[in-house]
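In: Sequence plus the predicted model coming up.
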Amino acid sequence: MRLLFAVLLVASLAGCLSPVHLASCDGPQVVTLYLNDQRGLDVSLPSAGDSAAPDFSEGFVSDILSPWESGPMVDALLLTGDVEIEFWARNDGAVAPLGDPSNPGEGYYFFNQFGSNRSLDPGYAIEYRNSVQPPGTIEHYQETITLQPGGLTLEKDDQVKLLLTGLLVSGPNSGHRILVGEEYPSHVTFTAVCIDQPVWQKNADESRSVSLPGNKGLLTGIVPASEGVNQLTHPFTLQPETDRLTISIEQFGDLNPSKDDMDLEIRGPGGVIWEIGSPSNNENGVLWRSNLDAFMPPGEYAVVVNAYSGAAYDGMLTIAQHHAVGTA
């Protein structure tokens, strides 16, 4: 089977990324998107440059994430198999304060995730390197994230999202940079096939407020789970006709300066079957028919909200179920 590279639908427009589509829709194709210095992902290799890597504040202080994103998809796509991430980063004197307990002298550098602006895949990649490096050290990273059963669906106009959550601490004269361009062609590669774009109709929708005063102890996880304190469990019924399940949580307002990192789990009779998480106070996860057919039949489930960090969190949990009534 031929493997083709994605091409742009139209020429790039100044200041924005072009829409992207596959070269053809006659079978699975390899798509390579290159990181640029404007936090974009494009099929064209950019000019040489660099972009500030998100640092410790994104992972553990700020609720604001800074992903790399592509232009909108022209066609609906199904991504399956492995996602390959390759990038280069230059350390200009930043340090890694979180050590690797099993490897003294090494620090936590990156927590990386892949998905779309609609939903991240539950998989992730973690990187450790020497906690302190000589300024100007360039590291080369190669990672594989295997997509969950049923793959990842990109609907029309969705954008590919890559989160390179940096965990180094930068100073006034130090930092951490992602390198791009011909010498350092940082990129992400995946396999995709065109699918029909459904027309959706909502068949179930429910929401409830979430108020959690505590958390589970951040990295330590030493605070036991306590319902109504750092965890909330909400049961729901997955309807037989559901073709798309969307679960999200959104914070009402941030009334304190601490980072509020919330994560979600879908639990079935056998335990956790899907995780929705990132270093953010708001989360959104989607399972399409391909995922539901693979491991989540209609029946009784629960969404568990976990307060990974923060305090006095107030937000809204929403569970929306849609079924397809045709194609666009």
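Out: Received the coordinates, thanks. Residues are numbered from 1 along each chain as shown.

In: which parts of stretch 49-58 are buried?
Out: D50, S51, A53, P54, D55, F56, E58 (16 or more other C-beta atoms under 10 Å). (Each C-beta comes from the backbone N, C-alpha and C, glycine too.)

In: Closest one of these to N36?
Out: Checking these against N36 by C-beta to C-beta gives S51 as the nearest, at 7.7 Å.

In: part of a helix, is that closest one?
Out: No - applying DSSP: H, G, I helix; E, B strand; the rest coil, one finds S51 to be strand, outside a helix.

In: if I look at it, how far off is S170?
Out: 13 Å (C-beta to C-beta, to the nearest Å).

In: Next: M73.
Out: 34 Å.

In: who's more crowded, the two?
Out: More crowded of M73 and S170, by other C-beta atoms under 10 Å: M73, with 24 against 21.

In: That one and V20: what is the separation?
Out: The gap separating M73 from V20 is 6 Å, by C-beta to C-beta.

In: Please write out the alpha-carbon positions of stretch 24-34 in CSV.
Out: Output of stretch 24-34 as CSV, limited to C-alpha atoms (Å, rounded to 0.1, in the frame of the first residue of the first chain):
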residue,chain,number,x,y,z
SER,A,24,-5.7,11.5,-1.8
CYS,A,25,-8.4,9.5,0.1
ASP,A,26,-7.7,6.1,-1.4
GLY,A,27,-6.1,4.6,1.6
PRO,A,28,-3.9,5.1,4.7
GLN,A,29,-1.3,7.8,4.3
VAL,A,30,1.7,9.0,6.3
VAL,A,31,1.3,12.7,7.4
THR,A,32,4.3,14.7,8.6
LEU,A,33,3.8,18.1,10.2
TYR,A,34,6.8,20.3,11.1
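
In: And for that stretch, what's in contact with it?
Out: By C-beta atoms under 8 Å, 6 or more residues apart in numbering, the residues outside stretch 24-34 that reach it are 1-6, 20, 22-23, 41-46, 70, 75, 80, 160, 180, 185-194.

In: Can you say which of the residues you listed are buried?
Out: The buried subset of these (16+ other C-beta under 10 Å) comprises 6, 20, 22, 41-43, 46, 70, 75, 80, 160, 180, 185-194.

In: I'd assumed G71 was in contact with S18.
Out: Yes - look at S18 against G71 with C-beta atoms under 8 Å: they come within range, at 4.9 Å.

In: Between the two, point out the one with more neighbours.
Out: Using other C-beta under 10 Å, the more surrounded residue of S18 and G71 is G71, with 24 against 20.

In: Please report how far the more buried one lies from V160.
Out: 9 Å.

In: likewise V20?
Out: When V20 is compared with V160 (using C-beta to C-beta), they lie 8 Å apart.

In: Now for these two: what residues contact both?
Out: L33, S70, M73.

In: name the element the first one belongs to?
Out: This points to L33. Using DSSP states H and E, L33 sits within strand 29-35.

In: Please spell out which residues along that strand are buried.
Out: Buried positions in strand 29-35, judged by neighbour count with 16+ other C-beta under 10 Å: Q29, V31, T32, L33, Y34, L35.

In: you'd agree S226 is up against K216?
Out: No - assessed by C-beta under 8 Å, S226 is found out of contact with K216, at 9.1 Å.

In: Pick out whichever of those two has more residues nearby.
Out: The neighbour comparison of S226 against K216 (other C-beta under 10 Å) goes to K216, with 22 against 13.

In: so what's the more buried one up against?
Out: Going by C-beta under 8 Å, 6+ apart, K216 touches V223, A225, N230, Q231, N306, A307, Y308, S309.

In: Show me what the fourth one bridges to in the sheet.
Out: Beta-bridge partners for Q231, by DSSP bridges, are E227, N306.

In: That's all I had, so thanks and see you.
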